[in-house]
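**Student:** sequence and predicted model, in that order:
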Amino acid sequence: MYCTKCGLELRQVDHFCSRCGHRTALEAPIGGPQPLMLDKSNKKIAGVCAGFARYCEVDVTLVRVLWLALAFSTGVGFIAYLVAWIAMPSDAGVRARPVIAREPQTS
Ligand SMILES: [Zn+2]
């Protein structure tokens, strides 16, 4: 991901360009392209279905019904859910505050 104003390379979690302060795609208005992330504000289990619904701009209930139908008919849905859960980044806190620097992990 690059700043659309000055071209500086940004991290996926950045809200603002660290050089010029230009807003990044994460701050795009509702209706614009949404990143495929776990939707923690609309989650039932992990937010996978809500994240896909937001990404595809479809109703979250439709995604859940299709996903459950796939899970119970083929079993693939359960594995796909776990894979998506592990692979998809979480949006928890992403929209709440700009990530300037991560605290060093001491654990
Ligand atoms: Zn910039």
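**Tutor:** Perfect, I can see it now. Numbering: from 1, shown residues only.
**Student:** would you mind listing what in the protein touches the ion?
**Tutor:** 3, 5-6, 8, 17, 19-20, 22 (CB under 5 Å from the ion). For glycine as for every other residue, the C-beta is placed from the backbone atoms N, C-alpha and C.
**Student:** ok, of those residues, which come out buried?
**Tutor:** Buried members of the residues of the chain next to the ion, counted by 16 or more other CB atoms under 10 Å: 3, 17.
**Student:** so what's the residue most central in space within the chain up against?
**Tutor:** With distances taken as CA atoms, centre = their mean, residue 37 lies nearest the centre of the chain, 1.6 Å away. Applying CB atoms under 8 Å, 6 or more residues apart in numbering, we find residue 37 in contact with 51, 88-91, 94.
**Student:** the lengthiest helix in the chain packs against which elements?
**Tutor:** Secondary structure assigned by DSSP state H gives helix 60-74 as the longest helix of the chain. Helix 60-74 is packed against helix 48-56, helix 76-87, with contacts defined by 3 or more CB pairs under 8 Å, 6 or more residues apart in numbering; DSSP states H and E.
**Student:** which strands and helices sit next to the last one?
**Tutor:** Right, the one you point to is helix 76-87. helix 48-56, helix 60-74.
**Student:** can you list contacts of the first one?
**Tutor:** It refers to helix 48-56. Counting by CB under 8 Å, 6+ apart, 34-39, 41-44, 59-60, 62-64, 67, 81, 84-85, 88, 91 sit against helix 48-56.
**Student:** drop anything exposed from the residues you listed.
**Tutor:** Here, 16+ other CB under 10 Å leaves 34-39, 43, 60, 63-64, 67, 81, 84, 88, 91 buried among the contacts of helix 48-56.
**Student:** now, among those, which is nearest to residue 74?
**Tutor:** residue 67 (11.2 Å; CB to CB).
**Student:** distance of that closest one relative to the ion?
**Tutor:** Plainly put, residue 67 is 38 Å away from the ion if you go by CB to the ion, to the nearest Å.
**Student:** then residue 35?
**Tutor:** Remark: distance between residue 35 and the ion (CB to the ion) = 19 Å.
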